[in-house]
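In: Sequence and predicted structure below; questions after.
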Amino acid sequence: MKPGTAAHRELFCRTFIDTHDPYEPERLPWPVLDGLHLERLRSFPLWSYARSIEQRAGRMVTTFAQTLDDPLIREAVALQGVEETRHGRLMSHVLERYGIDAPALPAADPPVRREDFLVFGFGECTDSFVGFGAFALARQKQLFPESLLSIFDNVLWEEARHIAFFINWWHYEEARAGRDGLLQRAYGSVKYHLRAIVGTAQGDAGNPLPNIESAQIKAIVDGITPVMFLETALAENRRHMARLDPRLIKPRLMPALATAALIGLRMLPPLPAKDAQPEARRIAA
């Protein structure tokens, strides 16, 4: 499928629109959680931040859709705004249902420039890749019941659809503008990924990034190595992308960086066992 063509636009827009699931967060089969699972859920320090980000994303994408001239692309972006807004509602429902104390953060009206939508879209590519790995590891470690994790699978599937739609829209726009050279696309992708990562790390005046150095979070990530996380994230990314039409362009930068990092880590010499050095000292003595 040649980027920038009418057939390409029809494919990525119609695929996104036709795979929309009109569920309501409040009507999902939310499980009753026991003490341990409830404590883990409540100890997660990012609830206020996550809800604020989703609510802000819903308003920004919805407003940006109104600036688009192409009716089919405008319909698809507006639908993404609906789904982003629904993610905010889902977060609010989780907080209320499970009694999670998460004060509302200030949520100023976001900008609607094309540049801001690009930073947001590439940021979602990074966030989704990390989220794929994190949720898969949570399932492997049985941190939460499957009945709860399966609900959030809906959110992960929507994020996979969002980033695939975004990447195809970006390729479409770049091709139509004559900026479809490999180096031009690579430069643009890296630039916007970096801007998104820096923005997330810095937070902003209204929504500073919360502290995640808590004992509860350290207990959750205990035993998870970088190699384990990268392997899991890559496998989950492949699984989600495989559900999409194979003719669609898929996000490439994060999987490529993760693969390179994984190769580098595997080439490092193994770390010595924790008790190897004390044992050697006893023998020497």
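Out: Ah, there it is. Residues are numbered from 1 along each chain as shown.
In: Please make it C-alpha for all contacts and neighbour counts, starting now.
Out: Will do.
In: Would you mind listing where the stretch 1-150 of the chain has pLDDT under the threshold?
Out: Counting by pLDDT under 70, the low-confidence segments of the stretch 1-150 of the chain come to 107-108, 110.
In: Only the buried residues of the helix or strand harbouring Ile151, if you could.
Out: If you go by DSSP states H and E, Ile151 is part of helix 146-176. By neighbour count on 16 or more other CA atoms under 10 Å, the buried set for helix 146-176 is 149, 155-175.
In: Would you map the helices across the stretch 1-150 of the chain?
Out: 6-18, 35-43, 47-65, 71-97, 114-140, 146-176 (DSSP state H, counting those that start in this stretch).
In: Return the most buried member of those helices.
Out: Scoring these by mean neighbour count under mean count of other CA atoms under 10 Å gives helix 47-65 as the most buried, with a mean of 21.
In: need the contact list for the residue nearest the centre of the chain.
Out: Geometric centre of the chain, nearest residue: Ser128, 2.0 Å, by CA atoms, centre = their mean. Listed by CA atoms under 8 Å, 6 or more residues apart in numbering, the contact set of Ser128 reads 156, 159-160, 163.
In: May I see those residues organised as JSON lines, with pLDDT and distance to Ile17 added?
Out: Formatted as JSON lines, the contacts of Ser128 follow (pLDDT from 0 to 100; distance: CA to CA, whole Å):
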{"residue": "Leu156", "pLDDT": "95", "distance to Ile17": "17"}
{"residue": "Glu159", "pLDDT": "96", "distance to Ile17": "14"}
{"residue": "Ala160", "pLDDT": "97", "distance to Ile17": "14"}
{"residue": "Ile163", "pLDDT": "97", "distance to Ile17": "14"}
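In: any idea of the pLDDT on Tyr187?
Out: Per-residue confidence (pLDDT) for Tyr187: 88.
In: if we can go back for a sec, residues making contact with whatever helix or strand comes next after the helix holding Ile151?
Out: Downstream of helix 146-176, the first helix or strand assigned by DSSP H and E is helix 182-202. Helix 182-202 has contacts (CA under 8 Å, 6+ apart) with 118-120, 122-123, 126, 174, 179, 208-209, 253.
In: gap between the closest residue to Glu231 other than its chain neighbours and Gly223?
Out: Excluding the flanking residues, the one nearest Glu231 by CA to CA, 6 or more residues apart in numbering is Leu262, at 7.5 Å. Distance from Leu262 to Gly223, counting by CA to CA, to the nearest Å: 17 Å.
In: Between those two, tell me which one has more neighbours.
Out: Between Leu262 and Gly223, counted using other CA atoms under 10 Å, the more crowded position is Leu262 (18 against 10).
In: what about that one, which helix or strand?
Out: Here Leu262, judged by DSSP H and E, is contained in helix 253-267.
In: How about that helix, which residues are buried there?
Out: Using 16+ other CA under 10 Å as the test for burial, helix 253-267 gives 253-255, 258, 262.
In: Distance from it to the middle of the chain?
Out: Chain-centre distance of helix 253-267: 18 Å, with CA atoms, centre = their mean, to the nearest Å.
In: ok, now stretch 59-71?
Out: With CA atoms, centre = their mean, you get 21 Å for stretch 59-71.
In: Residues touching that stretch, excluding its own?
Out: Here stretch 59-71 makes contact (CA under 8 Å, 6+ apart) with 74-75, 77-78, 80-82, 84-85, 109-114, 117.
In: measure that stretch end to end?
Out: Terminal-residue distance, stretch 59-71 (CA to CA): 19 Å.
In: Could you do stretch 65-78 as well?
Out: Start to finish, the residues bounding stretch 65-78 are 5 Å apart (CA to CA).
In: Distance to Asp18 added to the contacts of helix 182-202, as a markdown table?
Out: Converted to a markdown table, the contacts of helix 182-202 look like this (distance: CA to CA, whole Å):
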| residue | distance to Asp18 |
| --- | --- |
| Leu118 | 23 |
| Val119 | 26 |
| Phe120 | 23 |
| Phe122 | 23 |
| Gly123 | 24 |
| Thr126 | 25 |
| Glu174 | 24 |
| Arg179 | 29 |
| Pro208 | 36 |
| Leu209 | 35 |
| Leu253 | 26 |
